[in-house]
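[1] Can you look at this prediction? I've put the sequence above it.
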Amino acid sequence: MASKAAQKRLTKEYVAMQKEPPPFVWAVPDEKNILTWNFLIRGPPDSPYTGGEYHGVLLFPSEYPFKPPGIKMFTPSGRFQPDRKICFSMSDFHPGTWNPAWSVATILTGLLSFMLSDEMTTGSVTSSDTHKRAFAARSHGWNLTQQRFKECFPDYCTPYPRDLPNMGQKERGKPEAPPIPPLSSSPLITPKPPPLGLTISSSSNLAPTAALTLTTSAGNSSASGTGKPDENRKPAASLAATWGHILWEKWRWGVLIALAVIVSRFSSST
C-alpha cells in the first residue's frame, strides 16, 4: 500500500506526465494500485529501434520517492530480457545512487538512454542491430496479443502503432503543423468563366443573314453552353440561313414588282 508521501508524489507526477510528457515515452498508473505504472517506449529515429513499441512496468515501493522502483520490459526488443528486472542506476538494483528528486519522466528518459547504449548488465541481452530492427518491426503485433497491454493501453490497440503524445518534434526543432481553419472561415473562391468573344461571320452571298457564333478563348464554339461544338446544329443552322435568304430575296423582288405595277397604272391613268 502506498504511503501518503508516495500517493501525493505519484499523483503529482501523473499530472506532470499529462502536461509535459518526455519524448518517446508514456506512462500511466494502474487504476487499482498507484504504485504500479505501465509505460510505453517508442524507438527514436536513427536507431535500431525505429518504429518499435515497447511495453514495460515500473514497480514503486511504498517508500517512494525515497527508494527507487523496479523496472521490467515485457516486449521483446533484443536489448532486455522480457519480464525480467533491469539493472541500471535508477532501478532498485542501486538504492545507494538513487536521488529522490528523480521522477517517472526522469526514470523513463534514463531507461531509453540506457536502451540505446551497448552497456551490458543484469536483465540485458546481446543482439545485432539487424535483430533489433526485426524485433522492432514485430513489436506492435506482439503487444496486441498481450492481455495486459490491451487492458492498460486500449487507445493504442490500433492496426498500426500510434504515436505517443511527444514524439520528439520539439526536441528536434521540427515546427508544429499550423491549425487547419474551419471551412466556414475559408474564403469562397469562385472560378471565373473563360472569356467569351463575339465573332460575326459573313458571306458575300448571304449578307442579310450573317451567322453569329460564341467562341471561347480556346477557339471552340458552343450553341448549348457546354464548351463543345454542337456538330448536329451546324447543318441545320446553315440550311435555315439559306432558306431565309431565299425568302428574303423573293419578298424583296415581289415588293419591287408590285411598286412597278402601281407606278405604271398611275402613269397610264394620267
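    Yes, it's here.
[2] Return the helix or strand in the protein with minimum mean pLDDT.
    strand 211-216 (a mean of 39; mean pLDDT, DSSP states H and E).
[3] So what does G56 look like in phi/psi?
    phi -150, psi -170 (degrees, to the nearest 10).
[4] what's the answer for W26, then?
    According to degrees, to the nearest 10, W26 has phi -160, psi 150.
[5] That one and W37 touch, don't they?
    No - taking C-beta atoms under 8 Å as the definition, W26 is not a contact partner of W37, at 10.3 Å. Bear in mind the C-beta positions are built from the backbone N, C-alpha and C, glycine included.
[6] between those two, who's got more neighbours?
    Higher neighbour count among W26 and W37: W37, with 24 against 19, using other C-beta atoms under 10 Å.
[7] Now for the more buried one, which secondary structure element holds it?
    strand 36-42 (DSSP states H and E).
[8] What helices and strands are in contact with that strand?
    strand 25-29, strand 53-59, helix 104-116 (3 or more C-beta pairs under 8 Å, 6 or more residues apart in numbering; DSSP states H and E).
[9] Pull out the buried positions in the first one.
    Taking 16 or more other C-beta atoms under 10 Å as the basis for neighbour counts, the residues of strand 25-29 that come out buried are V25, W26, A27, P29.
[10] can you check the longest one too?
    When neighbours are counted by 16+ other C-beta under 10 Å, the buried residues of helix 104-116 are found to be V104, A105, I107, L108, T109, G110, L111, L112, F114, M115.
[11] With stretch 3-14 instead?
    A6, R9, L10, E13, Y14.
[12] Name the nearest of those residues relative to P95.
    A6 (15.4 Å; C-beta to C-beta).
[13] Would you enumerate the residues in contact with the closest one?
    For A6, the contacting residues are I34, L35, F60, P61, S62, E63, Y64, P65, by C-beta atoms under 8 Å, 6 or more residues apart in numbering.
[14] for E53, same thing?
    So E53 contacts L40, I41, R42, G43, T75, S139, H140, N143, Y156, P161 (C-beta under 8 Å, 6+ apart).
[15] Show me what it is bridged to.
    R42 (DSSP bridges).
[16] ok, P48 - how many residues close by?
    21.
[17] any idea how far P154 is from L116?
    29 Å (C-beta to C-beta, to the nearest Å).
[18] for A136, same thing?
    With C-beta to C-beta as the criterion, A136 and P154 are 22 Å apart.
[19] likewise A101?
    Distance from A101 to P154, by C-beta to C-beta: 33 Å.
[20] so F24 touches N166, yeah?
    Yes - F24 is in contact with N166 according to C-beta under 8 Å; the separation is 7.3 Å.
[21] Compare these two (neighbour count), which wins?
    Neighbours were counted for F24 and for N166 using other C-beta under 10 Å; F24 has more, 23 against 16.
[22] Now for that one: which residues touch it?
    Here F24 is in contact with I41, R42, G43, P44, L112, L164, N166, M167, G168 (C-beta under 8 Å, 6+ apart).
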